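K.L.:
just to be clear, the model below is a prediction. Sequence and coordinates:
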Amino acid sequence: EASMLDRCLRKAVNAEGSFNRISVDSDQSTSDTIVLMSSQKNPKLDDAVEEAVITDALSKICTELAQDVVRNGEGTQHVMKVDVQGSPSGSLAHGIAKAVVNSPLVKTAIAGNDAN
């Protein structure tokens, strides 16, 4: 069912470490696309189980591919991961992490190997 696959893919691209959680030079690409296609020839399974299994598999794939995008960026010499702990909400933690990784001061310190 198309709506179920849409839900699965939306969850996968927003998963921790996946496409909507990465930053490369603080820029957002206007040409990145993710397409999920199905022949719909698979026998019908239990919808709840099927959705959970597909979401989990897509999340793993999207996370691996997103990390490849970061590592293989043009001129990439350093990759950092920010883990915000103790935040009252996931959205606040995400915002804090994005502010850190997109900070010119932090990026300069990391690139210069001088995090004074």
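P.N.:
Alright, I've got the coordinates. Because the structure is predicted, anything quoted here is derived from the model rather than measured.
K.L.:
give me the number of residues near Ala15?
P.N.:
Applying other C-beta atoms under 10 Å, we find 19 residues neighbouring Ala15. Quick note: C-beta positions are derived from backbone N, CA and C, even for glycine.
K.L.:
please apply the same query to Ile34.
P.N.:
Neighbours of Ile34 (other C-beta under 10 Å): 13.
K.L.:
contact partners for the closest residue to Ala97 other than its chain neighbours?
P.N.:
Using C-beta to C-beta, 6 or more residues apart in numbering and skipping residues adjacent in sequence, the residue nearest Ala97 is Val82, 4.2 Å away. For Val82, the contact set (C-beta atoms under 8 Å, 6 or more residues apart in numbering) comprises 96-97, 100-101.
K.L.:
weed out the non-buried ones from the residues you listed.
P.N.:
97, 101 (16 or more other C-beta atoms under 10 Å).
K.L.:
what is the nearest of the contacts of Val82 to Ala12?
P.N.:
Ala97 (19.0 Å; C-beta to C-beta).
K.L.:
could I get the full set of helices for this structure?
P.N.:
2-13, 47-71, 90-101, 104-111 (DSSP state H).
K.L.:
how far off helix 104-111 does the third one point, in degrees?
P.N.:
Which is helix 90-101. Here helix 90-101 runs at an angle of 60 degrees relative to helix 104-111 (axes from the mean of the first three to the mean of the last three C-alpha atoms, to 10 degrees).
K.L.:
report the rounded mean pLDDT for helix 90-101.
P.N.:
For helix 90-101, mean pLDDT is 92.
K.L.:
C-alpha coordinates for that helix, PDB please?
P.N.:
Extracted as PDB, the C-alpha positions of helix 90-101 are listed here (Å, rounded to 0.1, in the frame of the first residue of the first chain):
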ATOM      1  CA  GLY A  90      14.100  15.300  20.900                       C
ATOM      2  CA  SER A  91      13.300  18.300  18.700                       C
ATOM      3  CA  LEU A  92      15.300  20.600  21.100                       C
ATOM      4  CA  ALA A  93      18.200  18.200  21.100                       C
ATOM      5  CA  HIS A  94      18.100  18.100  17.300                       C
ATOM      6  CA  GLY A  95      18.100  21.900  17.100                       C
ATOM      7  CA  ILE A  96      21.100  22.100  19.500                       C
ATOM      8  CA  ALA A  97      23.100  19.500  17.600                       C
ATOM      9  CA  LYS A  98      22.400  21.300  14.300                       C
ATOM     10  CA  ALA A  99      23.500  24.600  15.800                       C
ATOM     11  CA  VAL A 100      26.800  23.000  17.000                       C
ATOM     12  CA  VAL A 101      27.600  21.200  13.700                       C
END
